[in-house]
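> structure, please.
(chains A and B)
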Amino acid sequence: MKKYLAFLKKDFLVESSYKMAFLLDIFGILTSLLTYFFIDKLFGRQMARELQEFKVNYFSYVLLGSAFFSYIGIGLNSFSGQLRSEQTQGTLEAILLTPTRTSVILISMGLWNIIFATFNLLLYILMGIFVFKIDFSQINILSALVLLLLTITSFSSLGILSACFILVFKRGNPLSWLVSNIEGLLGGVYFPIAVLPGWLQFVSHFLPITYAIRGIQLAVFRGYSLSELSAELIPLLAFTILLLPLSLRAFEYALKKARKDGSLTHF
Amino acid sequence: MLKIENVSKRFFPDVSYRTLLLHNHKPGKPIVALDNISFDQAKGSTLAILGPNGAGKTTLLKIIATLILADSGQVKINGYQAGIDDEKIKSILGLISGEERSFYWRLSGRQNLEFFASLYGLGTKYARKKISQLLDYFCVDYANQRFDSYSSGMKKRFSLMRGLLHDPQLILLDEPTENLDYASALDLRKFIKETLVNKLNKTVIFTTHNLQEANFLSNRFLILHKGRLCALGSLDELRKKVNNNSADLEEIFLKLTQGLGKQ
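Alright, predicted model coming up:
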């Protein structure tokens, strides 16, 4: 636990030392919320046919969807991003010289970004409640929390796999590219997948984000219980069970390869 | 304390896409970094690793420190085997390199030491006490300044302090006095010899290009050239190797490394 806290403190000190970037990050959340405000003005409170399942207007749907997507994105990229930053700063070797387990190093590297992203998500929700008057009264908190936990673990696994690419290839991360470019399109982030043609809807079922986004919408706006969300929770659980051990093994392998190639300090 | 048996390491150069696509899929011609290196080092002793640039000195230190895996051979420290018992090895070993970039430049020197002390598993109270002791010893008055504001010499002192935080039994130093001014280099050599080795009975292995420094700090030398072990032993043993009973370390070094270079 002490090692996790040490990483957290170090990352907070480093991030807050870049005062302008730190402030701009906070300001960035406000500007993206303003974007949603104007989307709200354009679409008003109309409810599209495809959104009837969620019993919510487009603005509420897209606010929660994109807030959750950015949360997933930060979680996914935090491991590879932090690893890349430690590589380029030259601190990775010094960390690997300490008697710290690889899994602890990995999880610690993602911790600060995940906490910052959670703060980000909370801010979105608070603004949604108090500024945009979105009705979150139906929320099933237990379902939302379980969904959040499963989403974090399954996407962290993908994040660790991304970190493997960074460790071996230094640059070029196909998983991050896939999530940023494909999952946003097919995962139901900006619109429900019901609007997609049949074959694209079929493809979307192979992406964990589809289940995460649909699940969170139903838990928040319809108050679905855990049993009602089984169609979303079971695939996410399966992704976690499959990906987590696989990603940790893959990272051990990537680290071994970098040690064999003598490329730990290369970037 | 340390036993190295038949350690070899080759590195493969990056292959261009053109070579990969047009010629073959085989990796390029390997660079031999270390070739069948074996030696022992007793507890509380010092070994100077000498050799021209590219001889494999730093690779050897990094293999001992578990940062690089050898292609073949074994490294054992206090019975722990590299590649198997890495965490145990890391807790009894300190590698002090000349790499200034291995610190967080946006944090202060003290904050850096506190972070690494946590990773070495030191308790908060003990870590603070240890850091204060080290700061006093190395005469560092500006521990709360940002790391990027320090001079090269000061950064070197922080590298040393970090490497000594967890009181390691085996200390590996990669060119310890590089970038230090004359007086600081003298102080550091004295600290290594009198405190680390004579008083605290630490095992010290260091690389250097400075043969005077090697002579002052150690009475055992390992000379590497193009990854091969040219000589290992005391000054007298090296003299026998070059068949010159009055040769100094400089003459021996030149004879062994240039002689091999011509072969």
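> CA only for contacts and neighbour counts going forward, please
Fine.
> what ranges do the helices span in the stretch 1-150 of chain A?
In chain order, the stretch 1-150 of chain A shows helices spanning A:2-17, A:19-43, A:58-89, A:92-96, A:102-130, A:141-169, with DSSP state H, counting those that start in this stretch as the criterion.
> what's the answer for the stretch 151-263 of chain B, then?
In the stretch 151-263 of chain B, the segments counted as helices under DSSP H, counting those that start in this stretch are B:152-164, B:182-190, B:211-217, B:235-241, B:249-262.
> re earlier: turn the helices of the stretch 1-150 of chain A into CSV, including mean neighbour count and distance to chain B.
Shown next, in CSV, are these (neighbours: other C-alpha atoms under 10 Å in any protein chain shown; distance: least, C-alpha to the nearest C-alpha, whole Å):
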stretch, mean neighbour count, distance to chain B
helix A:2-17, 17, 6
helix A:19-43, 14, 12
helix A:58-89, 23, 6
helix A:92-96, 19, 6
helix A:102-130, 18, 9
helix A:141-169, 22, 12
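> can you tell me which of these has the worst average pLDDT?
Least confidently modelled of those is helix A:19-43, at a mean of 74 by mean pLDDT.
> pretty sure A:Lys55 is in contact with A:Ala219, am I right?
No - under the contact definition of C-alpha atoms under 8 Å, A:Lys55 does not touch A:Ala219, with a separation of 11.7 Å.
> which one of the two is surrounded by more residues?
Neighbours per residue, other C-alpha atoms under 10 Å in any protein chain shown: of A:Lys55 and A:Ala219, the larger number sits with A:Ala219, 27 against 17.
> how long is stretch B:189-199 from one end to the other?
Counting by C-alpha to C-alpha, to the nearest Å, you get 14 Å between the two ends of stretch B:189-199.
> contacts for it, please.
Outside of stretch B:189-199, the residues within contact range by C-alpha atoms under 8 Å, 6 or more residues apart in numbering or on different chains are B:44-46, B:177, B:202-204, B:213, B:216-217.
> got the helices of the stretch 151-263 of chain B as JSON lines, with mean pLDDT and mean neighbour count columns?
Written out in JSON lines, the entries for the helices of the stretch 151-263 of chain B read as follows (pLDDT from 0 to 100; neighbours: other C-alpha atoms under 10 Å in any protein chain shown):
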{"stretch": "helix B:152-164", "mean pLDDT": "89", "mean neighbour count": "22"}
{"stretch": "helix B:182-190", "mean pLDDT": "88", "mean neighbour count": "14"}
{"stretch": "helix B:211-217", "mean pLDDT": "93", "mean neighbour count": "16"}
{"stretch": "helix B:235-241", "mean pLDDT": "91", "mean neighbour count": "18"}
{"stretch": "helix B:249-262", "mean pLDDT": "78", "mean neighbour count": "15"}
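> can you show me the CA trace of stretch B:231-238 as CSV?
Taking C-alpha atoms only, stretch B:231-238 is exported to CSV below (Å, rounded to 0.1, in the frame of the first residue of the first chain):
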residue,chain,number,x,y,z
ALA,B,231,42.9,-10.0,-17.2
LEU,B,232,41.7,-10.4,-13.6
GLY,B,233,43.7,-10.1,-10.4
SER,B,234,45.9,-8.0,-8.3
LEU,B,235,48.5,-5.6,-9.8
ASP,B,236,51.2,-8.3,-9.3
GLU,B,237,49.1,-10.9,-11.0
LEU,B,238,48.5,-8.5,-13.9
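> can you give me the offset of that stretch from its chain's centre?
How far stretch B:231-238 lies from its chain's middle: 20 Å, per C-alpha atoms, centre = their mean, to the nearest Å.
> OK, now which residue of the stretch 51-200 of chain A is nearest to chain B?
Here the stretch 51-200 of chain A gets closest to chain B at one residue, A:Thr91, 4.2 Å apart by C-alpha to the nearest C-alpha.
> need the contact list for the closest residue to that residue other than its chain neighbours.
With C-alpha to C-alpha, 6 or more residues apart in numbering or on different chains as the measure, B:Ser102 is the residue that lies nearest to A:Thr91, at 4.2 Å, once sequence neighbours are left out. Remark: with contacts taken as C-alpha under 8 Å, 6+ apart, B:Ser102 is in contact with A:89-94.
> from what I can see A:Asp261 touches B:Phe11, true?
Yes - the pair formed by A:Asp261 and B:Phe11 meets the contact definition of C-alpha under 8 Å, at 6.5 Å.
> before we move on, back to that, who wins for proximity to A:Ala67 among the helices of the stretch 151-263 of chain B?
Evaluated with C-alpha to C-alpha, the helices of the stretch 151-263 of chain B place helix B:152-164 nearest to A:Ala67, the distance being 41.4 Å.
> which SSE is immediately downstream of the one helix or strand in chain B whose mean pLDDT sits lowest?
The helix or strand of chain B with the lowest confidence, counting by mean pLDDT, DSSP states H and E, is helix B:17-18 at a mean of 58. Proceeding N to C from helix B:17-18, the next assigned helix or strand is strand B:31-41, under DSSP states H and E.
> which elements pack onto that next one?
strand B:2-11, helix B:57-64, strand B:228-233 (3 or more C-alpha pairs under 8 Å, 6 or more residues apart in numbering or on different chains; DSSP states H and E).
> ranking those by burial, who's on top?
Mean neighbour count, computed with mean count of other C-alpha atoms under 10 Å in any protein chain shown, is highest for helix B:57-64 among the helices and strands packed on strand B:31-41, reaching a mean of 22.
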